[in-house]
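Chemist: Sequence first, then the predicted structure, then my questions.
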Amino acid sequence: MRALVWNGTNDIRCETVDDPRIEDPRDCILKVSSTAICGSDLHLMDGVVPKMKQGDILGHEFMGEVVEVGADVKRLKVGDRVVVPFTISCGECWFCQREMYSLCDTTNRTAENARAAMGHAPAGLFGYSHLTGGYSGGQAEYVRVPHADVGPIKLENDLPDDKVLFLSDIFPTGWMAAENAIGYEKGKTVAVWGAGPVGQFAVRSAWMMGAERVIVIDRVPERLALAASYGKAETIDYSQTDVKEALDEMTGGRGPDAGIDAVGAEAHGHGVLGDIKDKVELHTTGMSDQPFALQEMVMSVRKGGTLSVPGVYADKVTFPIGPFMNKGLTMKSGQTHMQRYLAPLLKRVEAGEIDLSGIITHRGDLKDGPDFYKTFRDKDDGCIKCVMKPEEL
């Protein structure tokens, strides 16, 4: 089969690789109908996330048709159309029983790497390095899905792929980010750093949870325009405006009630917080986490406010703990507990509350994947989201 394969930093190729096979009776094999490139995939391309190996198959946003099931799979059958969450969870461990699925204790096959880097091992993830299990991803024609009775959500509708694909990651991730920020409390002002795909869905999610105002910070014109049109948000171009001053002015000097860091490890520096000394070199890769958005959130969010961090970080950062503590801030973070959100968010999509296809700018085949990665990273050609279909369009 064909798949997008990591061959080193900035070297992603569409190659022919072995087809996946059932390895455990709880597995299924999926024929991929649509797959997408996530912003966090760029951290793999750029060498920020450690423990990648040549030949790793990328991708954790995908859906398709079940073509084979293991002997112990009960919920799915051949022919079912499903969306697969990016987290691999057993459904039975202490964390899964408490709906903290991204912290599953049993699915990370390379847990020793994660424990060395983080202290404990989170769940296995599709296509996301040997820190998180070394599983092959879904930017491919076929993919093996472990714990098939726990992860995939079966579609009983005829909605096209573009309307449901992002249930695999970025819509639930944006939703949890907003939930962590405002917790369904109405009337709050939320500032979102980053107008990429997760930021766009965090905006829409915040509105659905009852936010009174949503303000988006970015510098890319196309992304700011989409945040205003698709997200109905107020916007700040940080390349033209001091963000802290602008937020103070917009909120009567108090600051927003909550901030969402939808950027993560490769934020671009700006203003007083953009000093190069705040890059922290990763001992694992030699690359740097750049916590500019996170730092700016601490300074900008009101006293007693909340910071939500869905943006991916790989290692240590320089963090303003003094302002954080003295302002009485709270921070919530983590990979998304996908299985907690899939069913209720699918209902919202089916009810027409949100059109997930509204962020797609580029469509193509797997062979377009290497170019799509570069276009997405460089924010060229108005790129916000790339979707690929393994069969040529």
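Modeler: That came through, no problem.

Chemist: all helices in this structure, in order from the N-terminus.
Modeler: In chain order, the chain shows helices spanning 41-45, 94-97, 111-118, 161-164, 170-182, 197-208, 221-229, 243-250, 292-300, 321-326, 338-350, 369-378, with DSSP state H as the criterion.

Chemist: Nearest to residue 13 among these would be which one?
Modeler: Checking those against residue 13 by C-beta to C-beta gives helix 369-378 as the closest, at 6.0 Å. C-beta coordinates here come from the backbone N, C-alpha and C atoms, glycine included.

Chemist: For the helices of the chain, give me JSON lines that also has mean pLDDT and distance to residue 262.
Modeler: Formatted as JSON lines, the helices of the chain follow (pLDDT from 0 to 100; distance: least, C-beta to C-beta, whole Å):
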{"stretch": "helix 41-45", "mean pLDDT": "93", "distance to residue 262": "13"}
{"stretch": "helix 94-97", "mean pLDDT": "98", "distance to residue 262": "24"}
{"stretch": "helix 111-118", "mean pLDDT": "94", "distance to residue 262": "21"}
{"stretch": "helix 161-164", "mean pLDDT": "98", "distance to residue 262": "21"}
{"stretch": "helix 170-182", "mean pLDDT": "98", "distance to residue 262": "7"}
{"stretch": "helix 197-208", "mean pLDDT": "98", "distance to residue 262": "4"}
{"stretch": "helix 221-229", "mean pLDDT": "97", "distance to residue 262": "11"}
{"stretch": "helix 243-250", "mean pLDDT": "98", "distance to residue 262": "14"}
{"stretch": "helix 292-300", "mean pLDDT": "94", "distance to residue 262": "8"}
{"stretch": "helix 321-326", "mean pLDDT": "97", "distance to residue 262": "19"}
{"stretch": "helix 338-350", "mean pLDDT": "98", "distance to residue 262": "17"}
{"stretch": "helix 369-378", "mean pLDDT": "96", "distance to residue 262": "15"}
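
Chemist: In CSV, list these along with distance to residue 7 and mean neighbour count.
Modeler: Formatted as CSV, the helices of the chain follow (distance: least, C-beta to C-beta, whole Å; neighbours: other C-beta atoms under 10 Å):
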stretch, distance to residue 7, mean neighbour count
helix 41-45, 11, 23
helix 94-97, 34, 16
helix 111-118, 20, 15
helix 161-164, 28, 20
helix 170-182, 26, 27
helix 197-208, 25, 27
helix 221-229, 29, 18
helix 243-250, 38, 17
helix 292-300, 30, 25
helix 321-326, 39, 12
helix 338-350, 29, 18
helix 369-378, 10, 19
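
Chemist: okay, those in CSV with distance to residue 312 next?
Modeler: Below are the helices of the chain laid out as CSV (distance: least, C-beta to C-beta, whole Å):
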stretch, distance to residue 312
helix 41-45, 6
helix 94-97, 19
helix 111-118, 13
helix 161-164, 23
helix 170-182, 10
helix 197-208, 10
helix 221-229, 18
helix 243-250, 21
helix 292-300, 12
helix 321-326, 20
helix 338-350, 15
helix 369-378, 14
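
Chemist: which one of those helices lies closest to residue 62?
Modeler: helix 161-164 (9.8 Å).

Chemist: ok now that closest one, how far from the chain's centre?
Modeler: Between the centre of helix 161-164 and the centre of its chain there are 17 Å (C-alpha atoms, centre = their mean, to the nearest Å).

Chemist: Nearest to residue 23, out of the helices of the chain?
Modeler: helix 111-118 (17.7 Å).

Chemist: Which other helices and strands does that closest one contact?
Modeler: In terms of contacts (3 or more C-beta pairs under 8 Å, 6 or more residues apart in numbering; DSSP states H and E), helix 111-118 is packed against no helix or strand at all.

Chemist: Looking at the helices of the chain, which is nearest to residue 25?
Modeler: Each of the helices of the chain has some distance to residue 25 by C-beta to C-beta; the shortest is helix 94-97, at 18.9 Å.

Chemist: What distance do you get for residue 152 to residue 88?
Modeler: Residue 152 sits 11 Å away from residue 88, going by C-beta to C-beta, to the nearest Å.

Chemist: right, I mislabeled it, should have said residue 108
Modeler: Separation of residue 108 from residue 88 (C-beta to C-beta) stands at 8 Å.

Chemist: shared neighbours of the two, anything?
Modeler: 123, 124, 133 (C-beta atoms under 8 Å, 6 or more residues apart in numbering).

Chemist: Number of residues surrounding the nearest residue to the second one once chain neighbours are set aside?
Modeler: Same thing as residue 124. Nearest in space to residue 124, with sequence neighbours left out and distances taken as C-beta to C-beta, 6 or more residues apart in numbering, is residue 133 at 3.2 Å. For residue 133, the count of nearby residues is 23 (other C-beta atoms under 10 Å).
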